[in-house]
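In: structural data only, the sequence is not supplied:
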């Protein structure tokens, strides 16, 4: 599940992405023809009793059992679960359906970084209509923020990716490297490791938009400011972006990063044989390591994310997705009932039992979740670290309403710095310029 | 009179239907798309020829076009030169196992382009591939074929490998139709092999060479599979506007700029046609 979710991000980077928007202006003109202004709990209950059919598009495999359980609980409701592709493939299909106006699902899985794009086009419903605001505090601040645009709520978080440092303890012990707590120590560890064993690298990074933005996020940067269609893109004078660029440039200059592209066979091999010694990534990583890097069974551990300030406790999110209700779906009230069931009620636990990393504070704090021991991680209670990270995500981050596109041109701009053509600072500036250009062309007011 | 004209339509009808449906209709649709603009904010509006003026001032488009033009000027002569050599060698009758060579050299063409690009990508790898193994074995550092400076040459190598056999076959079939009496006459006149090549075989190959070149012009301008596949191995070397086709693909699938993408595609189609026709016209001038 997590593998596929990450692939979707990679897919964005590889530019196989979203197609034509169908947000025709006429929609806005005829808005409100059938949309109710508010739907109460009683209305939802009545809809569930009356029954009907909902079409759900999701690729997350843990949704399968949730859909089955939902039908058992509400026998009159039939859930048609479709895997319409992972990430961008699904967005393309969804966008096409929305444009065509037919075959639009009632519920769709949408990643956090892609949600603003659908929200902006008013392709997904503001869940305030159904009283979603009452769920304040149910989800972690990072994920709850991610489904918001102003006061509007466009989806329910179903999983999250608070970041942590995954490291190969055997490699660290062998070279007597202490687990880094700051990025400064991380760079020192990178140098020590690579000097001791020229084949080993602290991590692999050939340029990954999601990782870059997550690290800037953690550093307190806010390069993207979004207020409706007023957008600011600013890496050049963003303190967080500068911190990231200065620190990461050192690793690039000293050739301390393995150039192996992520999610390739070679990458998994490196993770398995200790030549890639750490990963700073989202909380959905454990099951991927277990499956992809099986030879390293028992060697990996999880530690808090390295900090920008010594003694700090700041983290960021990487990846994760939500369930949203397309505006053109047929059974929105039933769809909302399903959303709530899957994201908040019984479904949340079902999905955790299946291996998902929750976005709900209650489940994150649950003792049976936190105390679970992972044999792959030498019996470590991995979720303790990850849940702590979830509570420390820096607030106030937002993605662009066209982040899918922005990520696709990351390689053209920032990626150059990874192969020694210019600096990260130059690259980020080029990325900024290209994003501004695109945003302006698309009718945003971009600064 | 009426009946006769109907019979004519019956014969051409099936062709016209298919031609219209799969050739004219998509072009007409692309042309229709190209005069609009759809934006995330503001929806769709009619913009006339604005997309076209934008193409001509778009540095990314020009960079892509320059790149494939360079590719055309360097790779195509090398590939056709090799194909010509091989075709002449096989046709010379002095090659032992000519049948085997013909098949062996043609074989790469039977490998799907995607598979070929993947395979070469792995050979090029400096960490895991053949290049990496050579570096390790001899303790040297070969230039990285996947680096931005060499990637185009590396792609040229893949394309050459793929298409030498195909072009060889075109040229070889051109040689096979030469009347053998000409060779006998040349031999009686005391011409050597090189003289025969220059005076008989090369002139006979003029037509086939033009055909092969036109195919290659089209192929170069449409370069897509190889860079697209190598992109996963060398994400920072291959930009989203590496070739015009990749640029059009990126515009429509990542940028949601379907209208502009259609414009780029049309302009490229036109450019390809113009270059191909100009070449064909010049090359065949005086021959006919």
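Out: Right, received. Where do you want to start? As the structure is a computational prediction, the values presented were derived from the model and not from experiment.
In: chain center to whichever strand or helix holds residue B:11, what's the gap?
Out: Under the criterion of DSSP states H and E, residue B:11 resides in helix B:2-19. How far helix B:2-19 lies from its chain's middle: 34 Å, per Cα atoms, centre = their mean, to the nearest Å.
In: could you point out which element follows that helix?
Out: Taking DSSP H and E, what comes next after helix B:2-19 is helix B:25-33.
In: what's that next one packed up against?
Out: For helix B:25-33, the packing partners by 3 or more Cβ pairs under 8 Å, 6 or more residues apart in numbering or on different chains; DSSP states H and E come out as helix B:258-284. Placement of C-beta: from N, CA and C, glycine included.
In: check contacts around residue A:321.
Out: A:5, A:60, A:109, A:110, A:111, A:112, A:157, A:158, A:159 (Cβ atoms under 8 Å, 6 or more residues apart in numbering or on different chains).
In: next, the angle helix B:258-284 makes with the biggest helix by length in chain B.
Out: Of all segments of type helix in chain B, defined using DSSP state H, the longest is helix B:59-91. Computed by axes from the mean of the first three to the mean of the last three Cα atoms, to 10 degrees, the angle separating helix B:59-91 from helix B:258-284 equals 40 degrees.
In: residues of helix B:59-91 that come out buried?
Out: Buried residues in helix B:59-91, counted by 16 or more other Cβ atoms under 10 Å in any protein chain shown: B:60-61, B:64-65, B:67-68, B:71-72, B:75-76, B:79-80, B:82-84, B:86-91.
In: just give the number of residues close to residue B:94.
Out: Using other Cβ atoms under 10 Å in any protein chain shown, residue B:94 has 9 neighbouring residues.
In: same question for residue A:102.
Out: Counted with other Cβ under 10 Å, residue A:102 comes out at 8.
In: could you look up the SS state of the residue nearest the centre of chain B?
Out: Nearest to the mean C-alpha position of chain B, by Cα atoms, centre = their mean, lies residue B:219 at 1.4 Å. Following DSSP: H, G, I helix; E, B strand; the rest coil, residue B:219 is assigned to helix.
In: look up the pLDDT of it for me, please.
Out: We have a pLDDT of 94 for residue B:219.
In: wait, what's in contact with it?
Out: B:159, B:163.
In: repeat that with 10 Å
Out: Neighbour list for residue B:219: B:68, B:71, B:72, B:75, B:76, B:79, B:159, B:162, B:163, B:166, B:272 [criterion: Cβ atoms under 10 Å, 6 or more residues apart in numbering or on different chains].
In: and which of those residues is nearest to chain A?
Out: residue B:68 (17.3 Å; Cβ to the nearest Cβ).
In: residue contacts, the closest one?
Out: B:75, B:152, B:217, B:219-223, B:242-245, B:268, B:271-272.
In: ditto for residue B:160
Out: Residue B:160 neighbours (Cβ under 10 Å, 6+ apart): B:75, B:76, B:78, B:79, B:80, B:81, B:82, B:83, B:108, B:167.
In: how about the residue nearest to the spatial centre of chain A, secondary structure?
Out: Taking Cα atoms, centre = their mean, the centroid of chain A lies closest to residue A:319, which sits 1.7 Å from it. Using three-state DSSP, the three-state assignment for residue A:319 comes out as coil.
In: if I look at the closest residue to it other than its chain neighbours, how far off is chain B?
Out: Of all residues not flanking residue A:319 in the chain, residue A:161 sits nearest, at 3.9 Å (Cβ to Cβ, 6 or more residues apart in numbering or on different chains). According to Cβ to the nearest Cβ, to the nearest Å, residue A:161 and chain B sit 21 Å apart.
In: phi and psi next, for residue A:161.
Out: Residue A:161 adopts backbone torsions of phi -130, psi 50, taken as degrees, to the nearest 10.
In: residues near it, how many?
Out: 30.
In: list the contacts of it.
Out: Contacts for residue A:161 (Cβ under 10 Å, 6+ apart) come out as A:2, A:5-6, A:112, A:142-143, A:210, A:214, A:281-285, A:316-321, A:357, A:359, A:386, A:389-390, A:393.
In: and with 7 Å instead?
Out: Residue A:161 makes contact with A:282, A:283, A:284, A:317, A:318, A:319, A:320, according to Cβ atoms under 7 Å, 6 or more residues apart in numbering or on different chains.
In: what do you get for residue A:382?
Out: A:286, A:302, A:374.
In: so, if you compare those, which one comes nearest to chain B?
Out: Once Cβ to the nearest Cβ is applied, the member of the contacts of residue A:382 that ends up nearest chain B is residue A:286, at 25.0 Å.
In: name the next helix or strand downstream of the strand or helix carrying the closest one, please.
Out: Secondary structure assignment for residue A:286, by DSSP H and E: helix A:285-292. Downstream of helix A:285-292, the next assigned helix or strand under DSSP H and E is strand A:300-303.
In: chain center to that following strand: distance?
Out: For strand A:300-303, the distance to the chain centre is 21 Å (Cα atoms, centre = their mean).
In: and it, what does it pack against?
Out: Counting contacts by 3 or more Cβ pairs under 7 Å, 6 or more residues apart in numbering or on different chains; DSSP states H and E, the secondary-structure elements packed against strand A:300-303 are strand A:163-168, helix A:382-390.
In: ranking the ones you listed by burial, who's on top?
Out: Scoring those by mean neighbour count under mean count of other Cβ atoms under 10 Å in any protein chain shown gives strand A:163-168 as the most buried, with a mean of 25.
In: tell me the strands beside that strand, with direction?
Out: strand A:278-282 (antiparallel), strand A:300-303 (antiparallel) (DSSP bridges).
In: now do the first one: everything it contacts.
Out: By that I understand strand A:278-282. So strand A:278-282 is in contact with A:161-163, A:165-168, A:202-203, A:285, A:305-306, A:317-320, going by Cβ under 7 Å, 6+ apart.
In: between the residues you listed, which is nearest chain B?
Out: For the contacts of strand A:278-282, the nearest to chain B is residue A:203 (15.2 Å; Cβ to the nearest Cβ).
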